[in-house]
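> Okay, predicted coordinates and the sequence, questions at the end:
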Amino acid sequence: MSYSFTSHERDVFKDLLTERFGLAFEEHRHRFLESGLAGRMEDCGIDSAAAYRRRIENDGDELSRLIDAVTNNLSRFFRNRGQLQAVTDFIVPEFTGGRAISVWVAGCATGEEPYSLAMTLADSLPESADFHITATDISRRALKIALAGTYSPRRARAVSESARTRYFSDDNGRLSVSASLRRRVSFVEHNVIEAPVVHDADLVLCRNVLTYLAPQARRAAIRTLRESIAAGGFLIIGNSETLPRGSGFNAITTPPARIYRRPCPPSE
Ligand SMILES: C[S@@+](CC[C@H](N)C(=O)[O-])C[C@H]1O[C@@H](n2cnc3c(N)ncnc32)[C@H](O)[C@@H]1O
């Protein structure tokens with residue numbers, strides 16, 4: 001039998017998750033939150049909300065397992081292909097060479113997005129160009145899957161035959177990301193409302209993450225993203241997300257939408 005929360009008990013957890021991770025649980029997501037909480041309590045053998053609250057205060061690993069239970073980590077290879085095509089068409093030509101290109105994928109979930117971007121960049125940059133992607137998330141479970149880099153054929157169905165041949169190997173019927181692609185991507189646990197882990201990034205992707213954040217956390221996240229991007233660098237957010245005015249980015253009007261650029265300071 002799963003635990004039945006009072007609204008006060010539920011709100012204690014809801015407020016904690018909003019304060020620490022920015023996660024918003026509006027009314028229509030209360031059941032999702034309660035079911036995640038109840039599942040964790042059951043796994044811990046705890047039958048009171050107060051005792052579970054004490055557990056997560058004293059046990060960071062349990063807090064992390066709760067995060068895993070109440071975040072939506074859904075992702076897909078080549079999700080919104082139009083945006084990745086825009087990376088090839090509009091952003092790559094702006095990379096002028098010299099130092100290695102630095103990319104941050106914030107809210108990378110189970111890895112499909114950074115690996116798709118790595119394939120896109122490897123296929124569109126000149127062979128001499130070097131790039132590295134730092135991919136971050138708050139969900140340890142998702143990061144573990146991302147790091148393992150092995151996906152069922154069903155999950156990898158959007159990967160073309162040609163990309164499969166070049167960037168994956170067979171692992172007992174599953175598709176395993178090749179070493180050449182893995183060395184381009186590192187995975188780090190990071191909360192996007194805190195100080196950035198990447199600085200002077202040329203490109204940042206933060207797609208379908210802002211939508212799960214409370215308004216104040218969304219503003220903090222946008223500040224973090226801006227701080228991480230070099231002048232003239234690019235930001236791509238989810239297709240159904242928008243940046244408020246005054247965020248410090250210019251929208252690139254070339255389709256597809258949701259590509260922004262951090263302005264360069266005016267030259268003297
Ligand atoms: C729906 S998935 C989107 C995955 C991927 N960006 C995509 O578009 O396919 C949202 C991800 O954001 C992560 N997330 C939520 N809040 C976060 C935060 N405060 N910091 C970092 N990641 C967060 C979740 O754990 C989840 O993996």
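Thanks, I have it.
> What is the neighbour count of the residue lying closest to Gln216 once chain neighbours are set aside?
If you skip the residues right next to it in sequence, Gln216 has Gly22 as its closest partner in space, 7.7 Å away by Cβ to Cβ, 6 or more residues apart in numbering. Heads up, the C-betas are built off the backbone N, CA and C, glycines and all. Neighbour count of Gly22, defined by other Cβ atoms under 10 Å: 24.
> thought Gly22 was touching Leu213?
Yes. Between Gly22 and Leu213 there is a contact at 4.3 Å, judged by Cβ atoms under 8 Å.
> shared neighbours, these two?
Taking Cβ atoms under 8 Å, 6 or more residues apart in numbering as the contact criterion, the residues that touch both Gly22 and Leu213 are 193, 221.
> The stretch 151-268 of the chain: helices as residue ranges?
Under the criterion DSSP state H, counting those that start in this stretch, the stretch 151-268 of the chain carries helices at the ranges 161-167, 179-182, 215-228.
> Of the ones you listed, flag the one that's most buried.
Taking mean count of other Cβ atoms under 10 Å as the contact definition, the stretch among those with the greatest mean neighbour count is helix 215-228, which reaches a mean of 19.
> close to the ligand, is it?
No. Using Cβ under 6 Å from any ligand atom, we find that helix 215-228 stays clear of the ligand, coming within 6.8 Å at best.
> how close does the residue nearest to Gln216 sit to Arg226?
Between Gly22 and Arg226 the distance, using Cβ to Cβ, to the nearest Å, works out to 16 Å.
> circling back to that earlier point, which stretch among the helices of the stretch 151-268 of the chain comes nearest Glu94?
Across the helices of the stretch 151-268 of the chain, the minimum distance to Glu94, taken as Cβ to Cβ, is reached by helix 215-228, at 17.6 Å.
> thinking again about what came up before, what residues does the residue nearest to Gln216 make contact with?
Gly22 makes contact with 191-193, 213-214, 216-218, 220-221 under the criterion Cβ under 8 Å, 6+ apart.
> Asp130 too?
With the criterion set at Cβ under 8 Å, 6+ apart, Asp130 makes contact with 100-101.
> On the pLDDT front, check it for me.
Asp130 carries a pLDDT value of 95.
> cool, His30 as well?
pLDDT, His30: 96.
> That one touches Phe13, doesn't it?
No. Taking Cβ under 8 Å as the contact criterion, His30 and Phe13 are not neighbours in contact, 10.6 Å apart.
> who has more neighbours, these two?
For His30 and Phe13, the more surrounded residue by other Cβ under 10 Å is Phe13, and the numbers stand at 22 against 15.
> mind checking the SS state of that one?
With DSSP: H, G, I helix; E, B strand; the rest coil as the basis, Phe13 sits in helix.
> For the nearest residue to it once chain neighbours are set aside, give its distance to Ala109.
Closest residue to Phe13 apart from its sequence neighbours, by Cβ to Cβ, 6+ apart: Leu37 at 5.8 Å. When Cβ to Cβ is the yardstick, Leu37 and Ala109 sit 21 Å from each other.
> same check, this time on Thr6
When Cβ to Cβ is applied, the distance between Thr6 and Ala109 equals 32 Å.
> Those two - which one has more neighbours?
Of the pair Thr6 and Ala109, Ala109 is the one with more neighbours under other Cβ under 10 Å, namely 25 against 9.
> close enough to count as contact, that one and Asp137?
Yes. Ala109 is within contact range of Asp137, at 6.0 Å (criterion: Cβ under 8 Å).
> Now do the shared contacts for those two.
With contacts taken as Cβ under 8 Å, 6+ apart, Ala109 and Asp137 have 73, 146 as neighbours in common.
> could you pull out the strands for the protein?
The residue ranges that make up the strands of the chain, judged by DSSP state E, are 101-106, 131-137, 150-151, 168-171, 174-177, 185-189, 201-206, 229-237, 250-251, 259-261.
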